[in-house]
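# Here is a sequence with its predicted model. Questions after.
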Amino acid sequence: MEPVKFIALDPEDLEVVSTHLQDALVKVADVIWRPQESRLVIALSRFDWLAAEGTRPELRRCRSALRFERVNSCKCRSVNPAGKDAVLNLLAVEFSRPTLRPAW
């Protein structure tokens with residue numbers, strides 16, 4: 001299998017990355033927030049969409065990493081961070097601008 005490397009520089013690029021990561025499996029323990037480095041790293045098992053195409057399709061997963069730089073905060077909702085063995089299904093990766101709130 002040829003390694004695949006994507007770099008997303010804008011929301012449209014991120015849509016391409018999201019397509020390749022659709023239905024990836026992620027263990028809670030494999031989500032690593034590094035606040036000192038403003039970095040979020042996620043190890044995942046993604047479905048190999050490219051191998052599933054063609055005349056002899058192969059249904060397989062491959063280990064991959066997703067890295068976000070310049071992350072100011074990391075929050076989780078409806079996920080227990082203590083449940084390290086729980087497996088999550090990544091549906092999509094989306095970009096949203098932070099909302100600015102008044103400081104009063």
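Sure, I can see it.
# neighbouring contacts of stretch 21-30?
With C-beta atoms under 8 Å, 6 or more residues apart in numbering as the test, stretch 21-30 has contacts from 42-47, 49, 61, 64, 66, 79-81, 83-93. (Each C-beta comes from the backbone N, C-alpha and C, glycine too.)
# let me redo that: stretch 7-15
6, 16, 17, 93, 94, 95.
# Tell me the secondary structure of residue 33, please.
Under DSSP: H, G, I helix; E, B strand; the rest coil, the three-state class of residue 33 is strand.
# Just give me the neighbour total for the nearest residue to it once chain neighbours are set aside.
Nearest non-adjacent residue to residue 33, counting by C-beta to C-beta, 6 or more residues apart in numbering: residue 74, 4.2 Å away. Residue 74: 14 surrounding residues under other C-beta atoms under 10 Å.
# Residue 55 belongs to a strand, doesn't it?
No - Residue 55: not assigned to a strand; according to three-state DSSP it is coil.
# Compare the contacts of stretch 7-15 and tell me which is most surrounded.
Of the contacts of stretch 7-15, residue 93 is surrounded by the most neighbours, 18 neighbours in total, counting by other C-beta under 10 Å.
# returning to what we had before: farthest-apart pair in the contacts of stretch 7-15, please.
Greatest spatial distance in these: 6 and 94, 15.2 Å, computed using C-beta to C-beta.
# and the residue nearest the centre of the chain, what element?
Taking C-alpha atoms, centre = their mean, the centroid of the chain lies closest to residue 66, which sits 5.0 Å from it. Assigned by DSSP states H and E, residue 66 belongs to strand 61-69.
# circling back: mind pulling the model confidence for the residue nearest to residue 33?
pLDDT recorded at residue 74 is 84.
# can you check the one 5 residues further on too?
Looking at residue 79, its pLDDT stands at 87.
# gap between it and residue 62?
24 Å (C-beta to C-beta, to the nearest Å).
# Likewise for residue 80?
27 Å.
# which one of those two has more residues nearby?
Shown here are residue 80 and residue 62; by other C-beta under 10 Å, residue 62 has more neighbours (15 against 9).
# How about the contacts made by the residue lying closest to that one once chain neighbours are set aside?
Among residues not flanking residue 62 along the chain, residue 48 sits closest, at 5.2 Å (C-beta to C-beta, 6+ apart). Contacts for residue 48 (C-beta under 8 Å, 6+ apart) come out as 1, 58, 60, 61, 62.
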